[in-house]
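[1] All I have is the shape, not the residue letters:
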Ligand SMILES: Nc1ncnc2c1ncn2[C@@H]1O[C@H](COP(=O)(O)OP(=O)(O)OP(=O)(O)O)[C@@H](O)[C@H]1O
């Protein structure tokens with residue numbers, strides 16, 4: 001039995017006398033069915049009555065298996081005994097967060113905003129965990145240690161550690177694991193599995209268990225513990241996994257195990273107490289209920305993103321390693337804290353800014369949680385239709401690789417989804433929540449084959465987009481770093497306390513384009529920041545490369561960054577084209593383009609060599625998300641140069657700018673804005689720092705006004721609507737280019753309307769959901785006209801608003817025609833572009849939400865642009881109406 005609804009009233013807790021003695025209770029009234037059904041009341045008994053302390057009207061609750069009693073014609077529900085109450089069940093609390101909350105709620109908050117510092121215990125802990133996983137997968141111990149210590153080369157180098165010493169230390173820890181494993185292997189029915197990704201729909205929790213043995217959770221701790229019992233917070237962590245395992249398997253594990261690996265490394269002569277590494281404890285209903293209530297406290301606090309003070313639990317500050325950090329953060333943000341505050345608070349406008357962005361980022365986190373909920377709320381078919389899953393895959397085998405990982409294969413697929421090669425995804429046997437599921441990396445995904453790698457094998461029948469909070473976590477870290485750690489004088493310009501300053505620079509950097517030259521001069525002379533506004537095809541990336549080179553020439557170490565890996569690699573290509581190669585590219589092998597692999601920072605190998613690679617490079621290139629990684633946070637640069645800055649949220653940009661003394665942002669706020677999932681968060685995160693600064697300090701920017709891409713006829717509309725008529729073709733050739741300039745193309749073979757630079761075609765189709773088959777057929781016809789006239793299909797691009805229409809069109813055009821959504825076309829161009837608007841009747845759909853999307857779509861073509869759509873529907877909007885008039 002399950003009840004779920006929105007709370008309308010919570011009574012205070014009170015103590016009553018019952019036939020069993022005194023007991024606390026409180027009453028919660030909630031409206032089921034999302035707040036529309038008649039209210040029901042549940043009485044919470046005993047410890048559950050404590051929920052009254054934090055439960056508020058508006059929050060959602062789920063009650064599982066309540067006691068039901070009919071009384072005077074009404075049903076009364078009570079929670080106690082075997083029933084549970086879950087607050088805000090859609091908020092997915094991470095298991096490690098429950099653990100740190102039990103230690104101290106304030107610690108939970110500090111971890112959240114400050115990220116994890118680059119520290120040896122963390123790095124060592126990761127290595128030991130990896131070795132543990134390898135041992136469970138049957139790998140040779142020494143090989144595993146050698147490999148993982150080698151992989152951590154850069155981490156260890158940055159911490160000044162010697163690889164051999166670390167190997168020795170890890171070996172000591174591993175001996176604890178080995179000994180324990182040997183014991184385990186003595187019994188025949190022993191059954192182990194490493195790292196298990198667990199998501200709980202029922203309890204609103206997720207996490208990754210280190211291991212599960214005979215269905216019981218095992219957690220590894222690299223600390224020591226000479227008591228007989230595991231530490232309380234460690235027990236809680238294992239109990240969280242037990243709770244989720246119960247949900248999956250229908251039976252609660254009754255024992256949890258903690259492995260304190262350092263116990264094997266201490267000298268018996270120096271330590272007394274219980275030195276055995278493995279500590280078992282029994283898991284009972286009371287402990288599991290405690291876990292649920294603790295999880296509820298977190299979810300309730302996150303309901304309105306409030307900040308814990310530390311008083312919520314009885315943590316003892318005097319024994320806490322984080323006491324200093326805690327007091328400093330509390331002081332700077334002027335927050336109430338159990339540990340107290342030191343230092344002076346940052347100015348009020350900075351605190352207000354911090355809070356505003358903190359709230360928005362947390363809203364965005366909820367949007368990520370809603371994505372998780374779709375894993376169980378949507379049927380497989382709905383997920384597939386939503387492009388979030390590839391379903392009904394046919395398994396084609398699995399092989400264990402040399403490093404112990406598994407390669408899982410399925411037959412190829414032509415189905416469309418958001419999943420791309422290089423992504424982390426959830427592989428499952430068909431049900432990612434209750435079935436066998438594993439996190440995996442997509443190695444290959446095309447019509448011939450699907451290949452993924454994972455820690456444990458599963459039958460590869462389904463792949464799901466795996467929502468990740470890493471983006472929100474990194475934004476919080478960037479916000480923390482930029483507001484709490486940068487010197488006040490650097491923040492002045494961000495908070496409007498002073499105008500940005502510029503030194504005069506007269507050197508000529510670009511001799512054929514005055515605006516580009518001015519932009520480089522402004523950027524080089526900037527004491528604080530400079531903004532380069534580059535409309536489509538105006539040489540943003542070219543100018544950015546000039547800026548980077550000029551900064552390096554005067555002795556700067558430059559951080560080069562952009563939102564996507566693709567954009568970072570494009571910048572490297574521009575630098576390479578200009579003969580500059582003193583670059584290190586930070587990124588994973590699958591993230592970096594093949595031809596840029598040579599620049600990739602080797603994070604494995606000799607620690608000192610790894611570090612000098614990073615620290616000696618004149619230019620370090622990384623995505624903005626990796627600028628907030630543990631490794632990059634150890635680095636400081638003279639100048640940060642950020643490309644496609646119009647597409648970055650403000651904290652996204654701060655991730656790069658907080659690592660440098662000054663910064664240069666290159667972008668175009670008239671093209672795609674940042675992608676923000678939550679509508680509410682979008683009010684704050686939807687405007688890029690680039691756009692805000694260009695509004696506030698127009699004099700700190702230069703507009704690149706010559707474009708090298710489009711024929712005059714094509715650029716006219718965009719220039720008029722979006723750039724105040726300031727955009728011009730850079731040369732006469734650019735302006736006058738025609739489809740007939742291309743080799744082997746005979747313009748005479750084209751119908752007359754397609755010979756002109758821009759055309760509008762109305763096929764009179766009608767939309768069916770997110771597709772418009774008649775329009776798709778018309779697009780295919782236009783494409784074939786160009787191909788028949790001699791155009792190479794790879795010179796043609798087709799843009800459609802929905803993936804469904806993209807798929808529909810793809811079926812009817814040659815494979816080498818690039819068909820995609822606007823978002824995927826930003827930054828690229830083609831000789832001929834065909835845009836399918838898909839809509840009929842009224843204009844709704846992503847392409848119409850924001851005029852900037854249409855600006856991007858219309859500015860991808862060099863020589864010919866064909867718009868295919870319903871003229872009447874488009875005419876209902878002024879801008880689109882003008883567009884149709886112009887194209888006709
Ligand atoms: N000053 C210049 N002299 C000659 N060619 C140039 C100059 N500036 C840019 N170009 C050329 O113009 C083309 C477009 O430049 P680039 O790719 O840098 O444009 P962009 O503004 O980054 O484009 P997008 O709008 O797609 O982001 C490139 O081929 C580049 O080499």
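    That came through, no problem. On a predicted model such as this, the values are computed, not experimentally measured, just so you know.

[2] Poorly predicted segments of this structure, please.
    In the predicted model, the chain carries pLDDT under 70 at residues 115-116, 184-190, 846.

[3] Which positions in it make contact with the ligand?
    Proximity of the chain to the ligand (C-beta under 6 Å from any ligand atom) is limited to residues 510, 512-513, 516, 534, 536-542, 708, 827. All C-beta atoms are positioned from the backbone trio N, CA, C, and that covers glycine.

[4] did I read that right, residue 452 in a strand?
    Yes: judged by DSSP: H, G, I helix; E, B strand; the rest coil, residue 452 forms part of a strand.

[5] element containing the closest residue to it other than its chain neighbours, please.
    Of all residues not flanking residue 452 in the chain, residue 440 sits nearest, at 4.0 Å (C-beta to C-beta, 6 or more residues apart in numbering). In this assignment (DSSP states H and E), residue 440 forms part of strand 437-445.

[6] Which other helices and strands does that strand contact?
    Counting contacts by 3 or more C-beta pairs under 8 Å, 6 or more residues apart in numbering; DSSP states H and E, strand 437-445 packs against strand 192-200, strand 424-428, strand 449-454.

[7] correct me, but the residue nearest to residue 452 touches residue 422?
    No: checked against C-beta atoms under 8 Å, the pair residue 440 and residue 422 is beyond contact range at 11.7 Å.

[8] So these two - more neighbours on which side?
    The neighbour count for residue 440 versus residue 422, taken as other C-beta atoms under 10 Å, is higher for residue 440 (27 against 15).

[9] continuing past the strand or helix carrying residue 759, what's the next helix or strand?
    Secondary structure from DSSP H and E places residue 759 in strand 758-761. Heading C-terminal from strand 758-761, the first helix or strand you meet, by DSSP H and E, is helix 773-788.

[10] So what touches that next one?
    In this structure, residues lying in contact with helix 773-788 by C-beta atoms under 8 Å, 6 or more residues apart in numbering are 739, 749-751, 754, 761, 763-766, 793, 796, 798, 800, 805, 808-809, 811-814, 817, 832, 834, 836-838, 864, 866, 868-869.

[11] Partner strands of the biggest strand by length in the chain and their direction?
    Scanning the chain for the strand with the most residues, using DSSP state E, yields strand 21-31. Counting by DSSP bridges, the strands paired with strand 21-31 are strand 2-10 (antiparallel), strand 14-18 (antiparallel), strand 40-45 (antiparallel).

[12] Please identify the buried residues of it?
    Applying a neighbour-count criterion of 16 or more other C-beta atoms under 10 Å, the buried positions in strand 21-31 are 24, 25, 26, 27, 28, 30.

[13] thinking again about what came up before, what angle do the strand holding residue 440 and strand 449-454 make?
    On the basis of axes from the mean of the first three to the mean of the last three C-alpha atoms, to 10 degrees, strand 437-445 is oriented at 140 degrees to strand 449-454.

[14] May I see the buried residues of strand 437-445?
    Within strand 437-445, the residues that qualify as buried are 437, 438, 439, 440, 441, 442, 443, 445, counting by 16+ other C-beta under 10 Å.

[15] repeat for stretch 400-407
    404, 405, 406, 407.

[16] Check stretch 166-177 too.
    Those would be 166, 167, 169, 170, 171, 173, 174, 176, 177, for stretch 166-177 by 16+ other C-beta under 10 Å.

[17] go on, stretch 90-97?
    Across stretch 90-97, burial judged by 16+ other C-beta under 10 Å covers 90, 91, 92, 93, 94, 95, 97.

[18] Wait, the third one touches residue 371, no?
    It stands for residue 92. No: between residue 92 and residue 371 there is no contact under C-beta under 8 Å: 10.0 Å.

[19] Quick check, residue 667 in contact with residue 538.
    No: counting by C-beta under 8 Å, residue 667 stays clear of residue 538, with 11.5 Å between them.

[20] now residue 34: how far from the ligand?
    44 Å (C-beta to the nearest ligand atom, to the nearest Å).

[21] Quick check: that residue touching residue 90?
    No: assessed by C-beta under 8 Å, residue 34 is found out of contact with residue 90, at 11.5 Å.

[22] residue contacts, the residue of the stretch 451-600 of the chain found nearest the ligand?
    Using C-beta to the nearest ligand atom, the closest approach of the stretch 451-600 of the chain to the ligand is made by residue 539 at 2.7 Å. Going by C-beta under 8 Å, 6+ apart, residue 539 touches 513, 516, 704, 706, 708, 730.

[23] domains of this structure?
    Annotated domains of the chain cover 2-87, 118-183, 379-467, 495-704, 712-887 [the TED database].

[24] And the lengthiest helix in the chain, what does it pack against?
    Of all the segments of type helix in the chain, defined by DSSP state H, the longest one is helix 348-377. The contact analysis (3+ C-beta pairs under 8 Å, 6+ apart) places helix 348-377 against helix 470-480, helix 650-657, helix 679-685.

[25] Can I get the ones you listed in TSV including mean neighbour count and distance to residue 105?
    Listed next are the helices and strands packed on helix 348-377 as TSV, based on neighbours: other C-beta atoms under 10 Å; distance: least, C-beta to C-beta, whole Å:
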stretch	mean neighbour count	distance to residue 105
helix 470-480	22	17
helix 650-657	29	24
helix 679-685	18	24
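
[26] and the residue of the stretch 751-888 of the chain found nearest the ligand, how many neighbours?
    The ligand sits closest to residue 827 of the stretch 751-888 of the chain, with a gap of 4.7 Å, by C-beta to the nearest ligand atom. Neighbour count for residue 827, taken as other C-beta under 10 Å: 20.

[27] Now do the strands in the stretch 401-550 of the chain.
    In the stretch 401-550 of the chain, the strands defined using DSSP state E, counting those that start in this stretch lie at 406-411, 424-428, 437-445, 449-454, 462-465, 529-533.

[28] Give the full set of residues in contact with the most far-flung residue of the chain relative to its centre.
    Here the chain reaches farthest from its C-alpha mean at residue 19, the gap being 53.5 Å by C-alpha atoms, centre = their mean. Applying C-beta under 8 Å, 6+ apart to residue 19 gives no contacts.

[29] what's the spacing between it and residue 11?
    Distance from residue 19 to residue 11, counting by C-beta to C-beta, to the nearest Å: 22 Å.

[30] What of residue 877?
    53 Å.

[31] same thing with residue 200?
    Where residue 11 is concerned, residue 200 sits at a distance of 29 Å (C-beta to C-beta).

[32] which of these two has more neighbours?
    Neighbours were counted for residue 200 and for residue 11 using other C-beta under 10 Å; residue 200 has more, 25 against 15.
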